[in-house]
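# Sequence and predicted structure below; questions after.
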Amino acid sequence: MDNVNRRVKRGWMNLKVQQVIVETHDTKTFVLVDSDEGGRPWDYWAGQYLTFRFDGVAEKPIVRSYTMSSSTNQGDICGFTVKRVEKGIISNWLCDNIKVGDVLRARGPIGRFIYEPEKDREHLVMVAAGSGVTPFVSIMREYADKIGTTGAPKRMTLLVSYKSRQDLILAKDLEAFAKIAGCQVVVTLSRDPSAPANFWQGRITSDQIIKAVNNDFANTTFMSCGPTAIMDLTGAVARAKGVPDAQIKNESFES
């Protein structure tokens, strides 16, 4: 990845909330612009995250990191998507309190959980559960319309697990990606047995991972995000099929 011409902004940034999007009953997306300079005066790679500092929410400042669900081809904004976590101080506070015009403090972008065309294979396979889908939405937003071109994957497969159809985070984006040649989106539901046949059923299993890639593990890079169990399972399946460790990437969303 080219670091030479990347715009950076050092230290803590003041980011103004430009839009709040209700994604599901317990999930919101916050669209941000730079409060001081306007727009987004820094560059980032799809899959990276911002680290936020929250003062006044608790007795001491709280720091949390959130992956951007946006991509750079969406213009001079960035966005992150937050799902409420039971007893989660910040996730609940954000969903309950943050409104258009509020300012958040953040620094970044940070992280190497990204697609790297000079290192990764032509088929990018992404496995996620729940809010772990957000970096993959960022990546698919970035590359879906570039599939097969220089610097982009030739194929992308996303396998993501939710509880039910009411829990589909960023569902409209997933529907749009699924219509693009070279992109495959598979959604499995763990608690929605009456869902239409286009949804798979149950939690993600090794058989589902194998089925999602049609048992073709050649020229694949695997990325998994979410609970440790999902990452461990994805890595075990990929390794058993001969995928080298260098082509297996994980990002935990567990605190």
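Yep, it's here.
# What is the neighbour count of A236?
Neighbour count of A236, defined by other C-beta atoms under 10 Å: 13. Every residue, glycine included, has its C-beta placed from N, CA and C.
# Backbone torsions only: list them for it.
In terms of degrees, to the nearest 10, the main-chain angles of A236 are phi -60, psi -40.
# Then K172?
phi -60, psi -40.
# Going forward, the N-terminal residue is numbered 830.
I'll keep to 830 as the first residue from here, and by that count the last item is K1001.
# so where's the longest strand in this protein?
Secondary structure of the chain per DSSP state E: the longest strand is strand 842-853.
# neighbouring contacts of the helix or strand encompassing S1053?
For S1053, the host element (DSSP states H and E) is strand 1049-1055. Applying C-beta atoms under 8 Å, 6 or more residues apart in numbering, the contact partners of strand 1049-1055 are 942, 944, 949-950, 952-965, 968, 1042, 1059-1060, 1063-1064, 1067, 1072, 1076-1082.
# Within its sheet, name the partner strands of it and how each one runs.
strand 952-958 (parallel), strand 1077-1081 (parallel) (DSSP bridges).
# Show me which of the contacts of strand 1049-1055 are buried.
942, 944, 949-950, 952-965, 968, 1042, 1059-1060, 1063-1064, 1067, 1072, 1076-1080, 1082 (16 or more other C-beta atoms under 10 Å).
# Can I get the strand holding S1053 as CSV, trimmed to CA atoms?
C-alpha atoms of strand 1049-1055 as CSV (Å, rounded to 0.1, in the frame of the first residue of the first chain):
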residue,chain,number,x,y,z
THR,A,1049,-7.7,-17.3,-1.3
THR,A,1050,-7.0,-14.8,1.4
PHE,A,1051,-9.2,-15.3,4.5
MET,A,1052,-10.2,-12.5,6.8
SER,A,1053,-12.4,-13.0,9.9
CYS,A,1054,-13.8,-10.6,12.4
GLY,A,1055,-16.0,-11.0,15.5
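# how far does that strand sit from the chain's center?
11 Å (C-alpha atoms, centre = their mean, to the nearest Å).
# Rounded mean pLDDT for that strand, please.
The pLDDT scores in strand 1049-1055 average 96.
# so where do the strands sit in the protein?
With DSSP E as the criterion, the chain has strands spanning 842-853, 856-863, 878-883, 891-896, 907-912, 932-939, 952-958, 984-991, 1012-1018, 1029-1030, 1049-1055, 1077-1081.
# Let me have those in JSON lines, extended by distance to D872.
Formatted as JSON lines, the strands of the chain follow (distance: least, C-beta to C-beta, whole Å):
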{"stretch": "strand 842-853", "distance to D872": "13"}
{"stretch": "strand 856-863", "distance to D872": "13"}
{"stretch": "strand 878-883", "distance to D872": "13"}
{"stretch": "strand 891-896", "distance to D872": "16"}
{"stretch": "strand 907-912", "distance to D872": "10"}
{"stretch": "strand 932-939", "distance to D872": "8"}
{"stretch": "strand 952-958", "distance to D872": "21"}
{"stretch": "strand 984-991", "distance to D872": "22"}
{"stretch": "strand 1012-1018", "distance to D872": "24"}
{"stretch": "strand 1029-1030", "distance to D872": "36"}
{"stretch": "strand 1049-1055", "distance to D872": "21"}
{"stretch": "strand 1077-1081", "distance to D872": "20"}
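# These: lowest mean pLDDT?
Looking at the strands of the chain, the bottom one is strand 1077-1081 with a mean of 91.
# nearest spatial neighbour of V860, skipping sequence neighbours?
Q848 (3.9 Å; C-beta to C-beta, 6 or more residues apart in numbering).
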